[in-house]
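# One predicted model, sequence on top.
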Amino acid sequence: MVTSGKRRRHTPITSRPSLESPGAVMRRDPWSNHLKHEQKPQRASCLAGRPQESGAGSLRTHTVLFEHHLFDEMPRDPDPAAGTSRGSRRVAVAVAPSLQVEDWARLGIDDLPRDVLLRVLSRLDARQLVRTCAVSPRWRDLWRDVPRVNATRHEFEVEGDGDGDYDARNPLFKEFVNRLLMLRNPVALEEFRLEYSIGPELMPDCAEANLWIGHALLCSARSVEVFVWGDTLMLDPAVFTSKHLKSLLFCAVALTRGFFRQLQTGCKALERLILQDCPINDTEISSQTLKILSIGSNCYFLSRDQVSISTPKLIHLGFFDHAFYDRIPLLKNMESLVTAYISVGTFKSIQVDDICQFLHGLSGVRKLEFHFVEIQLNMEKNLQWCPKFNNLKFLTLGEWCLHADFYALIVFLQNSPILVNLTLNLKQPFHAPGRLMGELGDRSFKCKHLKNVQIICAESNPVVDSLEKFLLRNGITSGQIQIKNKM
């Protein structure tokens, strides 16, 4: 079992539109009002057949689901798929071109075609989504067919309370998500997104999350995103069996031994895997389908053995080793790799041979950003530690490459024969730059295709003048050099 040792509050890094972030918090549970119920047959679900629990509010004691509606006194639409409700001012798409300007001005959101309206509603968080059933008779059941579920625990926090009332808030959130998944129509999911708090009851909290994710995969979810704060979520690898799943994103999720093997055999359509703040207990990451792989900052490998990454169809690799590993991973079968964003250096026992093999695994890329942080390595004279980057056209390096009279920069330029754009980012706010130290017999380089050199630095950086002179001596013109100052 992997735990963080203390409760931590996690705010996911996301570039989603504002509708996805938690909205204004209501102090009353939307399911507690209008307690008028109707019986409805139970749907097949991985949430069904769960162990019985006592309590009047428990969903697990029932073989029949009960559902309430704000508009039970009104008749249902005979054909919800038709997208027209009694009393609606819906205008058919076929007659839309004949509408006058004043007619368009009178149209509202309720006049949108059903599929467009479902797309709009899919951007709401789950609790906001369910509340839309009170808008109009037509909207009463729309939430059941929305192809995206965004269940966020933040919606159940009371303003000013923070995360202190875990015992009261987490049960409400669990009850809500259980109802939501069981009462929605069996519509295929485009995305299931979960923001969850793991508290003192570690195993029950993890069991619920595994059931929800399993249910989403049964609903043909193509994308699953899980963000966790508090403790770390323990995932059951057996949950991940789906021929539809294409994208996975995990933040603060523990990946137990056998997880990547299960992904390879059980999710044969998976193309994208993003990891952030995840402990990894596997020594082999292997996939025949992955095209995008990012192992983000604060991910760490639990094994003392060297980890291998083998992904022959991978197009993009992101690797940030801001946690302390024993050794840098071994890259194998990277023949399809096009772009790579790499930050290495904070290893307990990093070796020159490891750096050599890691760079050789990247040698086929066309675009590379490479950062070396916090430690110093001394290279033997004339050691061929850097491979030939015969496809490399775009290269970004940090301040680390300027030490020892531009030693690492020269080595990279000597091995990049078709380089077009070079960026030297001398602003690295989070980690001190590392150093690759060595001596060169030949300090010149020739990059016949190099068109642009961008230097990003603080104002009055003393190294910039000597760097510019060095570039000019090697055939780069002043017109090709652009200096961009950043505060």
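It's in. What you see is a predicted model, and the numbers here were worked out from it, not measured in a lab.

# From now on I want contacts and neighbour counts done on CA atoms only, so please keep to that.
Will do.

# Residue 453 touches residue 421, doesn't it?
Yes. Counting by Cα atoms under 8 Å, residue 453 touches residue 421, with 6.1 Å between them.

# So these two - more neighbours on which side?
Using other Cα atoms under 10 Å, the more surrounded residue of residue 453 and residue 421 is residue 453, with 23 against 18.

# so is the residue nearest the centre of the chain in a helix, a strand, or just coil?
When the chain is reduced to its mean C-alpha position, the closest residue under Cα atoms, centre = their mean turns out to be residue 249, at 3.9 Å. Here residue 249 is recorded as strand under DSSP: H, G, I helix; E, B strand; the rest coil.

# Report the beta-bridge partners for it.
Counting by DSSP bridges, residue 249 forms beta bridges with residue 225, residue 274.

# repeat for residue 424
Using DSSP bridges, the beta-bridge partners of residue 424 come out as residue 397, residue 455.

# How about residue 152?
Applying DSSP bridges to residue 152 gives these bridge partners: residue 195.

# so what's it up against?
By Cα atoms under 8 Å, 6 or more residues apart in numbering, the residues touching residue 152 are 22, 125-126, 193-196.

# shaky segments in this protein?
Across the chain, the ranges flagged by pLDDT under 70 are 1-105, 158-167, 201, 321-326, 346-349, 374, 381-383, 428-435, 437-438, 487.

# Surely residue 443 and residue 410 touch.
Yes. When contacts are counted by Cα under 8 Å, residue 443 is listed as touching residue 410 (6.6 Å).

# quick one: which of the two has more around it?
Here residue 443 and residue 410 are compared on neighbour count by other Cα under 10 Å; more neighbours surround residue 410, at 18 against 13.

# Would you mind listing the residues in contact with that one?
When the contact criterion is Cα under 8 Å, 6+ apart, the partners of residue 410 are 443-445.

# again, only using 7 Å
For residue 410, the contacting residues are 443, 445, taking Cα atoms under 7 Å, 6 or more residues apart in numbering as the criterion.

# what about it, distance to residue 342?
Spatial separation of residue 410 from residue 342 under the definition Cα to Cα, to the nearest Å is 19 Å.

# next one: residue 156
38 Å.

# So for those two, which sits in the more crowded spot?
Summary of the neighbour comparison: residue 156 and residue 342, criterion other Cα under 10 Å, with residue 156 having more neighbours (22 against 19).

# May I have the secondary structure class of the spatially closest residue to the more buried one that is not a sequence neighbour?
Leaving aside its sequence neighbours, residue 156 sits nearest to residue 169 (Cα to Cα, 6 or more residues apart in numbering; 6.1 Å). In the three-state summary, residue 169 is assigned as helix, counting by three-state DSSP.

# Could you count how many residues lie near residue 169?
Counted with other Cα under 10 Å, residues neighbouring residue 169 total 18.

# My guess is it contacts residue 154. True?
No. The pair residue 169 / residue 154 is not scored as a contact, 9.5 Å apart, by Cα atoms under 7 Å.

# got the contact list for residue 466?
Contacts for residue 466 were tallied using Cα under 7 Å, 6+ apart; there are none.

# Give me the secondary structure label for it.
Following three-state DSSP, residue 466 is assigned to helix.

# same check, this time on the one 3 residues further on
Taking three-state DSSP as the rule, one finds residue 469 in the helix state.

# Could you pull out the helices in the stretch 151-300 of the chain for me?
Assignment of helices within the stretch 151-300 of the chain using DSSP state H, counting those that start in this stretch yields the ranges 166-183, 202-218, 259-266.

# Just the buried positions in the first one, please.
Okay, so that is helix 166-183. Neighbour-count burial for helix 166-183, with 16 or more other Cα atoms under 10 Å as criterion, is recorded at 166, 169-170, 172-174, 176-183.

# which helices and strands does the helix or strand hosting residue 395 pack with?
Taking DSSP states H and E as the definition, one finds residue 395 inside strand 394-398. Packing contacts for strand 394-398, counted by 3 or more Cα pairs under 7 Å, 6 or more residues apart in numbering; DSSP states H and E, involve strand 367-372, strand 421-425.
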